[in-house]
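A.B. asks: Show me the folded form of this:
(3 chains)
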Amino acid sequence: MNEQELLGLADDELIVGWRDSEWTGIAPLLEEDVAFSSIAQNEIGHARALYELLGDDADALAFDRRPEEYRCAPLVQLRLLDWAHAIARRWLYELADEIRISALRETLPLAAKIDREERYHRMHAEMWHERLAGTSQFREAVEELWPYALGVLPEGQREALAARVGLPVGDAVERGTLDDGFAELWDEMTMVRRSAPAGAQW
Amino acid sequence: MRDEQAFIEYVQGGGQVEAGDWMPDDYRAKLLKFVEMHANSELMGVLPEREWILRAPTLQRKLALTAKVQDEVGHAQLIYRVAEDLGKPRDAMFADLLSGKAKFHNVFHYPTKTWGDVGVIAWLVDAAAIISQKALLKCSYAPYARIMKKICWEESFHILHGRDVILALVTGTPAQFELVQEALSRWWGPLMQFHGNPISRDEDPMWFWRIKSQGNEEARQQFLDGYVPQILELGLEIPDPKLRRNEEGVWEYTEPDWAELKHVVTGHGPRTSERLAFRARFLEQERWVRDAVLAA
Amino acid sequence: MEWEVFRRDRAGAALEHAGSVVAPDAEFAEAWAREQYGRRGESVALWLVPRAAVHVVEDWADEFDLKYRRVDGYSIKARLKEARERAGTAGAR
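C.D. replies: Take a look at the predicted model:
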């Protein structure tokens, strides 16, 4: 994986973690709220570790770029405030992530660490998938998000994802496009930080 | 032991009660109401802070704030479980919360306006809450006393995180210092009301049943003892010219607005309806999920 | 259904009852108990037991004097003092 691709992975983890953290306090069940929040924190922790590979200041990379400079996949940018979509995204994202992280394990020690933590994310996503797979809400959400899920991976890895999800490879919403909601997310994410001069302490 | 007098002597002598034990109806009712309000408060307390998770200015602050709010949700789960085992289903408690029939603490009815509020809440509101929570460690109802241990242990990092946020701001730019001062000035009133108006022990059913082991005024004095020096040493001003510790070591202060407290906790706070509506929206929206999950 | 959660604080410690979670099956109970009772690394093990599987024992017969088989049934001070006086060993410590 080259630097641009690594930055894409880091940005994916940051933004999916940010989106997942939106459920803190409003998940369908209190017990799940706590679990989901841990996943969000883990993703952001992964992003931080990846940024630290790429530069001296993880916060600068996370916050101080313009929206168009982020390399995250469109799947993670979407604001999904209904559970069917949020959990469908979790499931699709973890499956995609597993494919690309296992490809990286040999060359990147950090990938092995991330993978070990992601194992619990995968168990969690699979648990929900099993329980909701029979519902129309979940199935429709997966179908809607499928083109976005494909866009998380490079073309060479999409067949593997299709096999796990049970849907055919088709048109993908490719990396490099910014969802309408992303500018709003970036604005919210950076508003406090931008209120003080660069280099201010928080 | 199905004798109310014997039960009273037992708990007043320090005895503890478990979930399956016989208890007088009045004890059960008062206890349940108290526990339910506590659970509701943890749940509603999430909403003012939640917005700032999405705006946290560094990765470290984002993680810490998310973890803190996660803890509040976790506490809600622990406390609702205690109430459920006392006989009230979770759905019924949510329904009563959303209809306004059940209450939650005053501080969670107010808006959060800046990052300064994030620090003040984590540091001072949590400090006020911990004082009450520590007093519950000796609650006559053992399941509740036991979860207080876990709650107090988890809260210990909240206050440190809050103080760290404050310290970064007061040693930052003048504008950042002002964020804290302004937030403190706004929150001082609700903080002083937090522990409730003074009730004498003879009139306090919570003391009678040994559910609480500390009076409201005692808790407030403890808060002032611990935190006024910490606030003043940072060069911050407390917006109460009468606030001082007298020769007997008792804090004197401007009488809090008890009418405001009553008005707010009965559902008329600045953010009460909005927050209850927000919570109701998600509860309703995800009803199908609960049905799918909790079905056998 | 309710699942009782027992946790072990660290290797060598006894399992302690920690609380309960409401979950439809062992998978959900595990996912949720992991979080509620282990997200701070505070447990090395969790035992999850459906509440219905717990057999509660809370009543005891306490009719007769059983002190003969407990430490508090023995008070040897007076006799020990007498024995030492007889042997002339009282105060010879």
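A.B. asks: need the contact list for the residue nearest to the spatial centre of chain B.
C.D. replies: What sits nearest the mean C-alpha location of chain B, by C-alpha atoms, centre = their mean, is B:A129, with 4.7 Å. Residues counted as contacts of B:A129 (C-beta atoms under 8 Å, 6 or more residues apart in numbering or on different chains) are B:155, B:194. (Each C-beta comes from the backbone N, C-alpha and C, glycine too.)
A.B. asks: For it, give its distance to chain C.
C.D. replies: Distance, B:A129 to chain C, by C-beta to the nearest C-beta, to the nearest Å: 19 Å.
A.B. asks: Would you double-check that that residue falls in a helix?
C.D. replies: Yes: applying DSSP: H, G, I helix; E, B strand; the rest coil, one finds B:A129 inside a helix.
A.B. asks: For it, give me the pLDDT.
C.D. replies: Here, the pLDDT recorded for B:A129 equals 94.
A.B. asks: what's the answer for C:R93, then?
C.D. replies: 58.
A.B. asks: quick one: the helices in the chain?
C.D. replies: Using chain A here. A:3-21, A:30-54, A:58-63, A:74-77, A:83-104, A:109-132, A:136-150, A:158-165, A:180-194 (DSSP state H).
A.B. asks: meant chain C, my bad for not saying
C.D. replies: C:26-38, C:77-87.
A.B. asks: about what we covered before: buried deepest among the helices of chain A, which one?
C.D. replies: Among the helices of chain A, ranked by average contacts under mean count of other C-beta atoms under 10 Å in any protein chain shown, first place goes to helix A:74-77 (a mean of 26).
A.B. asks: Briefly note if it comes near chain B.
C.D. replies: No: residues of helix A:74-77 are not located near chain B by C-beta under 8 Å from any C-beta of the partner chain, the shortest gap being 14.1 Å.
A.B. asks: Flag every residue of the stretch 101-250 of chain B that's near chain C.
C.D. replies: Within the stretch 101-250 of chain B, the residues that sit near chain C (C-beta under 8 Å from any C-beta) are B:146-147, B:150, B:154.
A.B. asks: JSON lines please, covering the helices of chain A and showing distance to chain C and mean pLDDT.
C.D. replies: Conversion of the helices of chain A to JSON lines gives the following (distance: least, C-beta to the nearest C-beta, whole Å; pLDDT from 0 to 100):
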{"stretch": "helix A:3-21", "distance to chain C": "14", "mean pLDDT": "96"}
{"stretch": "helix A:30-54", "distance to chain C": "4", "mean pLDDT": "96"}
{"stretch": "helix A:58-63", "distance to chain C": "23", "mean pLDDT": "97"}
{"stretch": "helix A:74-77", "distance to chain C": "22", "mean pLDDT": "96"}
{"stretch": "helix A:83-104", "distance to chain C": "13", "mean pLDDT": "96"}
{"stretch": "helix A:109-132", "distance to chain C": "5", "mean pLDDT": "95"}
{"stretch": "helix A:136-150", "distance to chain C": "16", "mean pLDDT": "97"}
{"stretch": "helix A:158-165", "distance to chain C": "19", "mean pLDDT": "97"}
{"stretch": "helix A:180-194", "distance to chain C": "24", "mean pLDDT": "94"}
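A.B. asks: between those, which gets nearest to B:E4?
C.D. replies: Closest approach to B:E4 among these (C-beta to C-beta): helix A:30-54, 34.4 Å.
A.B. asks: what helices or strands is the closest one leaning on?
C.D. replies: helix A:3-21, helix A:58-63, helix A:109-132, helix B:59-85, helix C:26-38 (3 or more C-beta pairs under 8 Å, 6 or more residues apart in numbering or on different chains; DSSP states H and E).
A.B. asks: Switch those helices over to a markdown table; also include distance to B:F7.
C.D. replies: Shown next, in a markdown table, are these (distance: least, C-beta to C-beta, whole Å):
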| stretch | distance to B:F7 |
| --- | --- |
| helix A:3-21 | 46 |
| helix A:58-63 | 57 |
| helix A:109-132 | 44 |
| helix B:59-85 | 19 |
| helix C:26-38 | 32 |
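A.B. asks: Which of these sits closest to B:P48?
C.D. replies: helix B:59-85 (9.8 Å).
A.B. asks: chain center to the closest one, what's the gap?
C.D. replies: 12 Å (C-alpha atoms, centre = their mean, to the nearest Å).
A.B. asks: again, but for stretch C:21-28
C.D. replies: Using C-alpha atoms, centre = their mean, the offset of stretch C:21-28 from its chain centre is 26 Å.
A.B. asks: Likewise for stretch A:63-70?
C.D. replies: For stretch A:63-70, the distance to the chain centre is 16 Å (C-alpha atoms, centre = their mean).
A.B. asks: So for that stretch, what gets flagged as buried?
C.D. replies: Using 16 or more other C-beta atoms under 10 Å in any protein chain shown as the burial criterion, the residues of stretch A:63-70 that qualify are A:63, A:70.
A.B. asks: near chain B at all, that stretch?
C.D. replies: Yes: using C-beta under 8 Å from any C-beta, stretch A:63-70 reaches chain B at A:F63.
A.B. asks: what sits up against that stretch?
C.D. replies: By C-beta under 8 Å, 6+ apart, stretch A:63-70 touches A:11, A:15, A:178, A:182-183, A:186, A:189-190, A:193, A:198, B:57-58.
A.B. asks: Please save the CA atoms from it in PDB.
C.D. replies: What follows is stretch A:63-70 as a C-alpha-only set of coordinates in PDB (Å, rounded to 0.1, in the frame of the first residue of the first chain):
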ATOM      1  CA  PHE A  63      -8.400  18.100  11.400                       C
ATOM      2  CA  ASP A  64      -6.300  20.600   9.500                       C
ATOM      3  CA  ARG A  65      -6.900  19.700   5.900                       C
ATOM      4  CA  ARG A  66      -9.500  21.100   3.500                       C
ATOM      5  CA  PRO A  67     -12.500  18.800   2.900                       C
ATOM      6  CA  GLU A  68     -11.300  18.000  -0.700                       C
ATOM      7  CA  GLU A  69      -8.000  16.800   0.700                       C
ATOM      8  CA  TYR A  70      -9.500  13.800   2.600                       C
END
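A.B. asks: could you pull out the strands for the stretch 101-250 of chain B?
C.D. replies: Assigned by DSSP state E, counting those that start in this stretch, the strands in the stretch 101-250 of chain B fall at B:244-245.
A.B. asks: what residues does it put near chain A?
C.D. replies: Counting by C-beta under 8 Å from any C-beta, the residues of the stretch 101-250 of chain B near chain A are B:115, B:165, B:168-169, B:171-173, B:175-176.
A.B. asks: Would you mind checking those for buried ones?
C.D. replies: B:115, B:165, B:168-169, B:172, B:176.
A.B. asks: taking the residues you listed one by one, which sit in helices?
C.D. replies: B:115, B:165, B:168-169, B:176.
A.B. asks: all strands for chain C, in order.
C.D. replies: C:2-8, C:15-22, C:45-50 (DSSP state E).
A.B. asks: which residues of chain B fall in helices?
C.D. replies: Assigned by DSSP H, chain B shows helices spanning B:4-12, B:25-53, B:59-85, B:90-99, B:115-120, B:126-135, B:142-170, B:174-193, B:205-208, B:216-232, B:258-263, B:272-285, B:287-294.
A.B. asks: quick one: the first one to helix B:25-53, angle?
C.D. replies: Inter-element angle recorded for helix B:4-12 and helix B:25-53: 40 degrees (by axes from the mean of the first three to the mean of the last three C-alpha atoms, to 10 degrees).
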